[in-house]
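Trainee: Any chance you could fold what I've pasted below:
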Amino acid sequence: MTRRPFFVLGVQQIALGSSDRQELRSLWVDRLGLTPVSVYRSPAENVDEEILRVGLDLAEVEIDLMQPVDPAARPVTHTPALHHVGLWIDVLPTAVCWLVTHGVRLAPGGIRRGATGHDVCFIHPRPSSWFPISGNGVLIELVQAPPELVARHAALRARASVAQ
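Mentor: You can find the predicted model right below:
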């Protein structure tokens, strides 16, 4: 396998779905104390979500509590309960090109602006005959990391390689 021309920098988000977002909120906000940051509603994506944060600095992770705008419409955002996992990527366009040329199936829609303003695209949960590599049942969101995260991660990698 050829060397990847990009890095996965960490977990960006975990998206949880329910037919009623308030049920999720009662655990994640009211009981566990995560901080609400914003809400996002997109009828085109059939999602009404509240975005929470947990952790600090490089360990900060977004927790998205999602419910469908229309429970009968697609895409389905409330099942499975673990809807998708998001990963920070240092150079998203490079990653997408490399992954596609190496057989990874992406979901329709290409790179686009996500709920929190970062460019995103998705690895499809199921393979196809043309693209045999998939998320094996899990939708995976690839998220363009902000420049400051890319720079800090590169500095940490450089420091770690010097220490070896």
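Trainee: what does the lengthiest helix in the chain contact?
Mentor: Ordering each helix of the chain by length in residues (DSSP state H) puts helix 147-163 first. Helix 147-163 is contacted by residues F7, L9, G10, L58, W88, D90, V91, A145 when judged by CB atoms under 8 Å, 6 or more residues apart in numbering. C-beta here means a position set from N, CA and C on the backbone, and glycine is covered the same way.
Trainee: residue contacts, the residue most central in space within the chain?
Mentor: Centroid-nearest residue in the chain: G86, 2.0 Å away (criterion: CA atoms, centre = their mean). By CB under 8 Å, 6+ apart, the contact set of G86 is V11, Q12, Q13, I14, A15, E62, V120, I140, E141, L142, V143.
Trainee: thinking again about what came up before, quick check, distance from the longest helix of the chain to the centre of its chain.
Mentor: Averaged C-alpha coordinates place helix 147-163 at 22 Å from its chain's average position (CA atoms, centre = their mean, to the nearest Å).
Trainee: then that helix to CSV, C-alphas only?
Mentor: The C-alpha coordinates for helix 147-163 follow below in CSV (Å, rounded to 0.1, in the frame of the first residue of the first chain):
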residue,chain,number,x,y,z
PRO,A,147,-5.4,25.5,10.2
GLU,A,148,-4.5,25.9,13.8
LEU,A,149,-5.2,22.2,14.6
VAL,A,150,-3.3,21.1,11.5
ALA,A,151,-0.3,23.2,12.6
ARG,A,152,-0.4,22.0,16.2
HIS,A,153,-0.7,18.4,15.2
ALA,A,154,2.2,18.7,12.7
ALA,A,155,4.4,20.3,15.5
LEU,A,156,3.5,17.5,17.9
ARG,A,157,4.4,14.9,15.2
ALA,A,158,7.7,16.6,14.5
ARG,A,159,8.5,16.7,18.2
ALA,A,160,7.7,13.0,18.6
SER,A,161,9.9,12.0,15.6
VAL,A,162,12.8,14.0,17.0
ALA,A,163,12.4,12.3,20.4
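Trainee: That'll do, ta.
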